[in-house]
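Undergrad: what follows is a protein structure lacking sequence information:
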Ligand SMILES: [Zn+2]
């Protein structure tokens, strides 16, 4: 075990804190359940955020506020050796992947609580409140201020808007000492880098027409079919864990009409920013080539026009171990089993690209 972790585990304050967390566990679970039962789809986190702000105040955090993006922030400054120092930021996310009309009630089966988003990230939110209570109650010495944040827009098209806002120029997390994200249940995994993803919408539009009368008019769906075939042929660097997937497509109005519009959405993921950039360029050129081929074969009855839009961008950010705040070997989890380190995780990407000191 890392020497710093061993020394920490031997401190009496930590033993007190661990006992408090066990005693406080029932309240943590109750709050996890309550927060999960407040619907919070991405871009619809306000109600859950408002309740979270109340719970942050109850937990004894200072200067609790909602920022312009909808993140809820609370500070623990009192008692820190360096009150003005760069904070340690600990976050969990308010939003879930579930649409607004989802039944979010939580049910219990034996000792399991089951509900949409109860782990991801109901657990992280409850853990933030538990962390605030244990630090306020057992008062271990803190080297620096602690900033706890419930963020918005972590999932899907939220595109990390909450974390990005925290790390904006002059944002409260800019220049932070370290950033931790608690995401999901489980004690066995610590993620130490950022997985990049880039999402695209490729659209094609043309004059359209009747499938028989206007035959020869270039067909946007045919063009996108060729484009999808080109995307799936792109070479991916396996050693850098790179993936490409077409996830959605739509277009046309009738089976006997040449459509006027069609689109597909695809996502690439990689641990390497260079790979993301390479695939970005190849997706654009592959789509361009497909459209050109379809236009060339058309009977001069108009042209299909292409648009490639980036609809999501989470940059990759590997953590360099020598400069990392992460210990070389992991401390034991309460289960007794050591957790494993793994890279990467999407939420970590924004800090990694914000001049963040790792
Ligand atoms: Zn999550």
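TA: Nice, thanks for sending it over. What you see is a predicted model; the values in this text were computed from it and never measured. Numbers count the residues shown, from 1 in each chain.

Undergrad: so which bits of the stretch 1-150 of the chain are right by the ion?
TA: Taking C-beta under 5 Å from the ion as the measure of proximity, the stretch 1-150 of the chain contacts the ion at 120-121. Glycine gets a C-beta too; all of them are placed from N, C-alpha and C.

Undergrad: show me where the stretch 1-150 of the chain has strands.
TA: Assigned strands in the stretch 1-150 of the chain, in chain order: 62-66, 72-76, 88-93, 107-109, 112-114, 146-151 (criterion: DSSP state E, counting those that start in this stretch).

Undergrad: likewise the stretch 251-358 of the chain?
TA: Using DSSP E, counting those that start in this stretch, the strands found in the stretch 251-358 of the chain span residues 257-258, 261-270, 305-314, 340-342.

Undergrad: any idea which of those gets closest to residue 210?
TA: Comparison of the strands of the stretch 251-358 of the chain against residue 210 by C-beta to C-beta identifies strand 257-258 as nearest, at 6.4 Å.

Undergrad: check which helices and strands the closest one sits against.
TA: Counting contacts by 3 or more C-beta pairs under 8 Å, 6 or more residues apart in numbering; DSSP states H and E, strand 257-258 packs against strand 209-210.

Undergrad: tell me the first helix or strand C-terminal of the strand it packs on.
TA: helix 220-232 (DSSP states H and E).

Undergrad: picking up where we left off before, make a markdown table from the strands of the stretch 1-150 of the chain and add distance to residue 13, mean neighbour count and mean pLDDT to it.
TA: What follows is these, written out as a markdown table (distance: least, C-beta to C-beta, whole Å; neighbours: other C-beta atoms under 10 Å; pLDDT from 0 to 100):
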| stretch | distance to residue 13 | mean neighbour count | mean pLDDT |
| --- | --- | --- | --- |
| strand 62-66 | 21 | 14 | 97 |
| strand 72-76 | 15 | 23 | 97 |
| strand 88-93 | 16 | 25 | 97 |
| strand 107-109 | 34 | 9 | 95 |
| strand 112-114 | 31 | 13 | 94 |
| strand 146-151 | 15 | 26 | 98 |
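
Undergrad: same list (those strands) but as a markdown table, adding distance to residue 248.
TA: What follows is those, written out as a markdown table (distance: least, C-beta to C-beta, whole Å):
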| stretch | distance to residue 248 |
| --- | --- |
| strand 62-66 | 32 |
| strand 72-76 | 31 |
| strand 88-93 | 23 |
| strand 107-109 | 31 |
| strand 112-114 | 28 |
| strand 146-151 | 25 |
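
Undergrad: and these: which comes nearest residue 213?
TA: Nearest to residue 213 among these is strand 88-93; the distance by C-beta to C-beta comes to 52.7 Å.

Undergrad: show me where pLDDT drops low in the stretch 201-350 of the chain?
TA: Across the stretch 201-350 of the chain, the ranges flagged by pLDDT under 70 are 318-350.

Undergrad: if you set the cut-off to 90 instead, what comes out?
TA: Within the stretch 201-350 of the chain, the ranges that satisfy pLDDT under 90 run 237-241, 271-274, 297-301, 312-350.

Undergrad: and for residue 111, the neighbour number?
TA: Neighbours of residue 111 under the rule other C-beta atoms under 10 Å: 5.

Undergrad: ok, residue 145 - contacts?
TA: Contact analysis of residue 145 by C-beta atoms under 8 Å, 6 or more residues apart in numbering lists 75-77, 80, 82-83, 85, 87-88.
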